[in-house]
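In: when you get a sec, could you give me coordinates for this:
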Amino acid sequence: MALNGRVLLLNQTYEPLGTVSVARAIIMTLKNSVLSRNGTAIACFVAHDEFPVPSVIRRRTYINVRRRREARA
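Out: Just a heads-up that it's a prediction; the model follows:
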C-alpha cells in the first residue's frame with residue numbers, strides 16, 4: 001500500500017475524529033500515541049522496512065472535541 005492512503009482515527013471512546021494519512025498513522029503508532037489493530041494484511045514499505053498498515057487506529061488519550069470546536073469560534 002502506498003503512503004497516500006487514509007486511516008480512520010478514533011477517540012479513546014471510539015468516537016470518530018476523522019482520517020489521517022497512512023504515513024501519519026504509522027508515525028502515531030511508532031510514537032505509541034495510538035492503539036492499532038493490524039487486521040489488514042497490507043504492508044507499507046518505507047526505507048526497506050515493512051510496517052503493517054492499520055485501517056483503524058484509536059487514540060490512547062481522550063480529546064474533548066466540543067471544547068476544541070468552541071475555542072475556535
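In: for the protein, what spans make up the strands?
Out: Counting by DSSP state E, the segments of the chain that form strands are 6-10, 16-21, 34-36, 43-46, 49-52, 56-59.
In: contacts only, for residue 34.
Out: 9, 25, 28, 57, 58, 59, 60 (Cβ atoms under 8 Å, 6 or more residues apart in numbering). No exception for glycine: its C-beta is placed from N, CA and C like everyone else's.
In: what is the nearest of those to residue 66?
Out: Nearest to residue 66 out of those is residue 59 (Cβ to Cβ; 15.7 Å).
In: okay, now the closest one: neighbour count?
Out: Neighbours of residue 59 under the rule other Cβ atoms under 10 Å: 17.
In: and if you look at residue 7?
Out: For residue 7, using other Cβ under 10 Å, the count is 22.
In: try the one 10 residues further on
Out: The criterion is other Cβ under 10 Å. On that basis, residue 17 has 14 neighbouring residues.
In: please name the nearest non-neighbouring residue to it.
Out: Leaving out its chain neighbours, the residue that sits closest to residue 17 by Cβ to Cβ, 6 or more residues apart in numbering is residue 9, at 4.7 Å.
In: cool, residue 16 as well?
Out: residue 10 (5.8 Å).
In: residues contacting the one you found?
Out: Neighbour list for residue 10: 16, 17, 56, 57, 58, 59 [criterion: Cβ under 8 Å, 6+ apart].
In: for residue 32, same thing?
Out: For residue 32, the contacting residues are residue 60, by Cβ under 8 Å, 6+ apart.
In: returning to that earlier point: which residues does the residue nearest to residue 16 form beta bridges with?
Out: residue 16, residue 58 (DSSP bridges).
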